[in-house]
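[1] How does the following fold in three dimensions:
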Amino acid sequence: MKVSFGDLTELAIGAASERLARGEVSSSALTEAYLARIAALDPTLNCYVATRAEEARAETPPGRADILFKFIPPETLERFGGPERFARAVDASLDRLATFVKNPGRLPELLFGKA
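    The predicted structure follows:
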């Protein structure tokens with residue numbers, strides 16, 4: 001069965017993140033594309049126990065990723081050089097964390113520093 005969802009659900013996570021950062025796609029568009037894909041394919045694949053479509057829509061911030069930081073005081077954001085730079089710093093921290101999560105043996109290094 002060939003189902004088209006545009007190119008959004010075929011993007012690698014890094015490419016999707018870059019498009020979000022450049023404002024070429026919104027997080028709500030990505031969410032809707034994936035929810036549509038799940039709705040279309042799950043009856044055949046039966047791989048989801050439950051989907052939280054309404055919750056996903058409610059939790060998806062509109063627009064770009066740096067909007068996630070709209071509740072952080074402006075002076076805090078300015079210390080980082082603005083919302084985009086703050087968003088990049090958070091992304092970099094999450095990327096670093098991911099390297100530790102992929103290798104559980106390195107978690108003590110994350111928690112306690114290098115031995």
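
[2] Look up phi and psi at the residue nearest the centre of the chain.
    Centroid-nearest residue in the chain, with Cα atoms, centre = their mean: residue 17, separated by 7.0 Å. Backbone torsions for residue 17, taken as degrees, to the nearest 10, come to phi -60, psi -40.

[3] Read off the pLDDT value for it.
    pLDDT for residue 17: 80.

[4] Settle this for me: it is touching residue 94, isn't it.
    No. In this structure, residue 17 is not within contact of residue 94 by Cβ atoms under 8 Å, at 10.3 Å. C-beta here means a position set from N, CA and C on the backbone, and glycine is covered the same way.

[5] what's the worst-scoring helix or strand of the chain on mean pLDDT packed up against?
    Lowest mean confidence among the helices and strands of the chain (mean pLDDT, DSSP states H and E): helix 53-59, at a mean of 74. Where contact means 3 or more Cβ pairs under 8 Å, 6 or more residues apart in numbering; DSSP states H and E, helix 53-59 is packed against helix 27-45.

[6] Can you name every helix or strand that the helix it packs on contacts?
    Applying 3+ Cβ pairs under 8 Å, 6+ apart, we find helix 27-45 packed against helix 13-22, helix 53-59.
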